[in-house]
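Novice: build me a model from this:
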Amino acid sequence: MNHLSGQHNDERILTMMSDDATMEEGFRLLMAAYQERLYWHVRRMVHGHDDANDVLQNCFVKVYRGFRQFEGKSKLYTWLYRIATNEAITFLKKQKAVTPLDNEDNNLSNQLKADPYFDGDKIQTWLKMAIARLPEKQQLVFNLRYYDEMSYADMSELLDTSQGALKASFHHAIKKVEQYVKIAADSD
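Specialist: Residues are numbered from 1 along each chain as shown. Here you go, the predicted structure:
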């Protein structure tokens, strides 16, 4: 979908969701337009398919209930990504509260191997493991830039952080990921 058709579609969604008579249909259009992108964004953060679906469901519930608070100061997809990101972070914080840190790498490795939706080779597994070891903010910036190919301007709006700080976070994340993958490859 090119940028203009996406923008036109967003305007249609916003118009429909603003009217009580067409809100349900507008919400279905919003889900159709963004569900897959948001799923993969969340999935890269929480790793498991079922967890990603749960987080995404919570995200869409919040979008539906909180739509009247959307003021249009940001793009629709930026607002949606912010909600999805916050839901994923909340989920991860709850998981960390019940998972001892010394088992975290082992749990992620086992989870990736057992996940029927993850068809990763060694390098993809190492990449996932490396990303999981990054600090939360670097993880988020890496995923948004590397996988979602989000511009620094859009990330700045989404995360309320300067573009320079985001570029630095991405640079540091790349270095850490490269180092982890190199160590994993050397020890294999």
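
Novice: make it CA atoms for all contacts and neighbour counts henceforth
Specialist: OK.

Novice: this protein: helices as residue ranges?
Specialist: 3-18, 23-46, 49-66, 76-98, 104-114, 122-133, 136-142, 152-159, 163-187 (DSSP state H).

Novice: which residues touch the shortest one?
Specialist: Helix 136-142 is touched from outside by 45, 131, 132, 155, 166, 169, 170, 172, 173, 174, with contacts defined as Cα atoms under 8 Å, 6 or more residues apart in numbering.

Novice: go again with 10 Å.
Specialist: For helix 136-142, the external contacting residues (Cα atoms under 10 Å, 6 or more residues apart in numbering) are 41-42, 44-45, 85, 89, 92, 130-134, 143-144, 146-150, 152, 155-156, 159, 166-174, 176-177.

Novice: in this structure, which segments are predicted with low confidence?
Specialist: Along the chain, segments meeting pLDDT under 70 span 1-7, 97-121, 188.

Novice: tell me which residue of it is furthest from the middle?
Specialist: With distances taken from the mean C-alpha point of the chain and given as Cα atoms, centre = their mean, the most distant residue is residue 21, at 31.3 Å.

Novice: let me see the backbone angles for that residue.
Specialist: When read as degrees, to the nearest 10, the backbone of residue 21 gives phi -70, psi -30.

Novice: any idea how far it is from residue 27?
Specialist: In this structure, residue 21 and residue 27 are 12 Å apart, going by Cα to Cα, to the nearest Å.

Novice: try residue 152
Specialist: In this structure, residue 152 and residue 27 are separated by 28 Å, where distance is defined by Cα to Cα.

Novice: ok, residue 66 - contacts?
Specialist: The contact partners of residue 66, by Cα under 10 Å, 6+ apart, come to residue 60.

Novice: how far away is it from residue 59?
Specialist: Applying Cα to Cα, the value for residue 66 to residue 59 is 10 Å.

Novice: swap in residue 128?
Specialist: Taking Cα to Cα as the measure, residue 128 falls 23 Å from residue 59.

Novice: more neighbours, those two?
Specialist: It is residue 59, of residue 128 and residue 59, that has more neighbours when counted by other Cα atoms under 10 Å, with 23 against 20.

Novice: next up, the contacts around that one.
Specialist: Contacts were defined as Cα under 10 Å, 6+ apart; by that measure residue 59 touches 38, 42, 53, 65, 80-88.
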